[in-house]
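# quick check, what structure comes out for this input:
(one chain, ligands or ions: 3)
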Amino acid sequence: MSSKVYFHIKDLKINFKSFEGEKTVLNIDEIRIDRGKSYGIIGESGTGKTVLALSILKLLQMPPGRVVRGEISLEGENLLNMSQKRMQSEIRGKKISMIFQDPMSTLNPVFNIGDQIIKVIMENQNLNKRDAYSKAVEMINTVKLPDAENIMKKYPHELSGGQRQRVIIALALSCGAQFIIADEPTRNLDVTIQAGILKLIRELQKNLKVTVLFIANNPGLVSATCDDTAILYKGEIVERGKTREVLKNAKHPYTQMLLNAVPKNRKNEIDLNKLVFTEGNAGDDGKGCLYYDRCLKRQDKCRKKQELLQLGENHFVKCCLYKGDNDDE
Ligand SMILES: Nc1ncnc2c1ncn2[C@@H]1O[C@H](COP(=O)(O)OP(=O)(O)O)[C@@H](O)[C@H]1O
Ligand code: SF4
Ligand SMILES: [Mg+2]
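Ligands and ions are numbered 1, 2, ... in the order given. Below is the predicted model:
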């Protein structure tokens, strides 16, 4: 049991069917997260981040989606083989909770915050209403919202964006889940509020030992939050490793471009909209580098299938510039 990887994605390929035929939107070699660790996924819009998050919880609509191959396992069990019934009764909320970009998609506008958290606690923890109330207050304190009893009485629209996102985190924790997927949880918040939420996620990870998969479109957001990081481009991981290594010693031309787009003095703020984005469409196996069209360092050999190369103990890059280059400098 102890030797098992807590969360492990292996060779996952997901396609979407459309009018023009089938296209690959995710083609991931490996993501492994040990219990209690945080893992960041960085990628621009349309690169498959939400498809990944939904696939983990088996919430991706199929069709149009289709799992071509692969494995997503939690504590050694492949979730892709699990029935929807078991996913609902044993996994969603119980073991894995998701924090979405838009808190309003999770909160019900017609119930106050207290009622919503109490309901989740009663459903998941077998407590009576009185104890669930105390637990709800405790959860609101855990996410560092002041005056918990007052927050409980508020309706979602009466809270700010940052407060709502904290309530969502409280809800996710109220279910007792030990693994949290946060899909761009700070995207619609301004920079100072973002920083507070990131700090909170980091603290929860450290204090409550929850495991976190943190999805972002901005390298500045994962630098202080995640132990490991993967850079996703058109559905494929082009670079991954320890966050420090990937961000301080970036090797892939795409990672380097992303990092150059982060203003040095305001690292939590980045206007990725100023960059040219391409629709996600992971390469079919056997095709050349997906970044070829945009890469300033491209060469003829880049047209061949690119393998993920190991550069250091825990640093991988998918770019033939490093072929035959074993040292990390
Ligand atoms: N229901 C769907 N049907 C067809 N294609 C989809 C569907 N949902 C997402 N896609 C495609 O999958 C790719 C990845 O989308 P998504 O995971 O939402 O990107 P991200 O979260 O990184 O912005 C996009 O190219 C998008 O067009
Ligand atoms: S493989 Fe070639 S085109 Fe792709 S990122 Fe590396 S240098 Fe650029
Ligand atoms: Mg998304």
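
# residue in the stretch 101-250 of the chain nearest to ligand 2?
residue 238 (7.2 Å; Cβ to the nearest ligand atom). C-beta: built from backbone N, CA, C; applies to glycine.

# what about that residue, which SS state?
Classification of residue 238 by DSSP: H, G, I helix; E, B strand; the rest coil places it in strand.

# just the helices from the stretch 201-329 of the chain, written as ranges.
219-223, 243-248, 253-260 (DSSP state H, counting those that start in this stretch).

# hmm, residue 103 and residue 167 touching each other?
Yes. Counting by Cβ atoms under 8 Å, residue 103 is a contact partner of residue 167 at 7.0 Å.

# shared neighbours, those two?
Among the neighbours of residue 167, those also in contact with residue 103 (Cβ atoms under 8 Å, 6 or more residues apart in numbering) are residue 156.

# low-confidence bits of the protein, can you list those?
Along the chain, the model assigns pLDDT under 70 to residues 1-3, 262-286, 325-329.

# near ligand 3, which residues of this protein show up?
49-50 (Cβ under 5 Å from the ion).

# just to revisit the earlier point, ok, the residue of the stretch 101-250 of the chain closest to ligand 2 - contacts?
With Cβ under 8 Å, 6+ apart, residue 238 has these contacts: 231-232, 252, 254-255, 290-291, 317-319.

# let's see that with 7 Å instead.
By Cβ atoms under 7 Å, 6 or more residues apart in numbering, the contact list for residue 238 reads 231, 252, 254, 291, 317-318.

# tell me how far the residue positioned nearest the centre of the chain lies from residue 21.
Residue closest to the average C-alpha location in the chain (Cα atoms, centre = their mean): residue 215, at 3.0 Å. For residue 215, the distance to residue 21 equals 28 Å [Cβ to Cβ, to the nearest Å].

# and what of residue 65?
For residue 65, the distance to residue 21 - Cβ to Cβ - is 14 Å.

# more neighbours: those two, which one.
Each of residue 65 and residue 21 had its neighbours counted (other Cβ atoms under 10 Å), and the higher figure belongs to residue 65 (17 against 8).

# beta partners for the more buried one?
Applying DSSP bridges to residue 65 gives these bridge partners: residue 16.

# near ligand 2, which residues of the protein?
Residues of the chain lying close to ligand 2 (Cβ under 6 Å from any ligand atom) are 252-253, 289, 291-292, 295, 297-299, 302, 306, 319-321.
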